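*Asks:* prediction below, plus the sequence it came from.
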Amino acid sequence: MSRTRLRLNLMIGGLLSFPPSAFAQTPVIDHATLTQATQTASNTAQIMQTNQQILQYTQQTYNAVTGSRPTSTLSSIGLGSGFSMSSVPGLSSLLGGGGISMSGLGSYGTLASSIINGLNLAKTLTGSSSASTPTDQAYTGAVNTTAAITAAVAGAQAASTTRSSSFTSAAGQIGSAADIKASIDQNSQLQTQTGQTINELIGTVNLTNAALNAQAQQDLAAQSKLSSMWSYDSSKATLTGN
């Protein structure tokens, strides 16, 4: 083999021993890492969606337990037709023979006044123009108490009828509240109206006691008058025929 041919072969062999430069820049794809990254992104998206739902439910819960709810339909059922025992005149002044005013009882006071006036009762038992003696004071107190009771009974009967219908209507609203706050507000309003009804009942009992007290005053006045009749007063004693 000549030297020229040997050099040529060495040059060709040297060139073939180096790889082309294009293969050194080819990108390498790690399929395992790509799969894990894709799964992580998917999980993150699901977590964000779940957090958004939690936020929405939390906001709905907050709205359900805050704010005010209308309860106007339940705000007056305890008073029935609007009559209240607090409108009855003060019983202490009535039992003492004081004047009576029915202005606060409206139509019920007018009704009671008409009934009492229709009885044409005597102004006093002694015939005096004013109730100055214990007997007349007790009598006037009984008349005034009777008038107040007459008005109270008429008003309480009307209020009781209306109140019963209102409570029945309120019972029909049970379960219709839109949320928790509305249910709580309705329950609170019903508790308030129940308390108002109980207060009216207490007023009725007090009025009954006033009637019994008036009767007791009448009995005491009669006993006092009888005692005076049987008492000896020398200044009023006269001899028969003188």
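*Replies:* Structure's in. What do you need?

*Asks:* could you use CA atoms for every contact and neighbour count after this?
*Replies:* OK.

*Asks:* quick one: least confident helix or strand in this protein?
*Replies:* Using mean pLDDT, DSSP states H and E, helix 3-16 stands out as the lowest-scoring helix or strand of the chain, at a mean of 56.

*Asks:* what about the helices in the protein?
*Replies:* 3-16, 31-65, 91-95, 107-118, 134-171, 180-229 (DSSP state H).

*Asks:* which elements pack onto the fourth one?
*Replies:* So that's helix 107-118. Helix 107-118 is packed against helix 134-171, with contacts defined by 3 or more Cα pairs under 8 Å, 6 or more residues apart in numbering; DSSP states H and E.

*Asks:* other SSEs contacting the helix it packs on?
*Replies:* So helix 134-171, by 3+ Cα pairs under 8 Å, 6+ apart, packs with helix 91-95, helix 107-118, helix 180-229.

*Asks:* any idea which of the ones you listed gets closest to T61?
*Replies:* Closest approach to T61 among these (Cα to Cα): helix 180-229, 9.0 Å.

*Asks:* and that closest one, how far out from the chain's middle?
*Replies:* Distance, stretch centre to chain centre, for helix 180-229: 22 Å (Cα atoms, centre = their mean, to the nearest Å).

*Asks:* now do it against helix 134-171: the angle between them, please.
*Replies:* Between helix 180-229 and helix 134-171, the angle comes out at 160 degrees (axes from the mean of the first three to the mean of the last three Cα atoms, to 10 degrees).

*Asks:* so helix 180-229 versus helix 31-65, what angle?
*Replies:* 20 degrees.

*Asks:* show me what contacts the most centrally placed residue in the chain?
*Replies:* Nearest to the mean C-alpha position of the chain, counting by Cα atoms, centre = their mean, stands Q189 at 2.1 Å. By Cα atoms under 8 Å, 6 or more residues apart in numbering, Q189 lies in contact with 71, 74-75.

*Asks:* so where is this protein shaky, pLDDT-wise?
*Replies:* Scanning the chain for pLDDT under 70 picks out 1-28, 81, 92-93, 95-99, 229, 232-234, 236-242.

*Asks:* about what we covered before: distance to S84 added to the helices of the chain, as TSV?
*Replies:* Below are the helices of the chain laid out as TSV (distance: least, Cα to Cα, whole Å):
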stretch	distance to S84
helix 3-16	117
helix 31-65	34
helix 91-95	15
helix 107-118	11
helix 134-171	8
helix 180-229	7
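
*Asks:* so which of those helices gets nearest T124?
*Replies:* helix 134-171 (5.3 Å).

*Asks:* now do the closest one against helix 107-118, angle only.
*Replies:* Using the same axes, to 10 degrees: helix 134-171 against helix 107-118 is 150 degrees.

*Asks:* go through stretch 172-181 and flag the buried ones.
*Replies:* K181 (16 or more other Cα atoms under 10 Å).

*Asks:* my bad, stretch 201-208
*Replies:* Buried, per 16+ other Cα under 10 Å, within stretch 201-208: 203-204, 207.

*Asks:* with just CA atoms, put that stretch into PDB.
*Replies:* This file holds the C-alpha atoms of stretch 201-208, laid out as PDB (Å, rounded to 0.1, in the frame of the first residue of the first chain):
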ATOM      1  CA  LEU A 201    -104.700  37.400  80.800                       C
ATOM      2  CA  ILE A 202    -103.000  38.800  83.800                       C
ATOM      3  CA  GLY A 203    -104.900  42.100  83.300                       C
ATOM      4  CA  THR A 204    -108.100  40.100  83.100                       C
ATOM      5  CA  VAL A 205    -107.400  38.400  86.400                       C
ATOM      6  CA  ASN A 206    -106.600  41.700  88.000                       C
ATOM      7  CA  LEU A 207    -109.900  43.100  86.800                       C
ATOM      8  CA  THR A 208    -111.700  40.100  88.300                       C
END
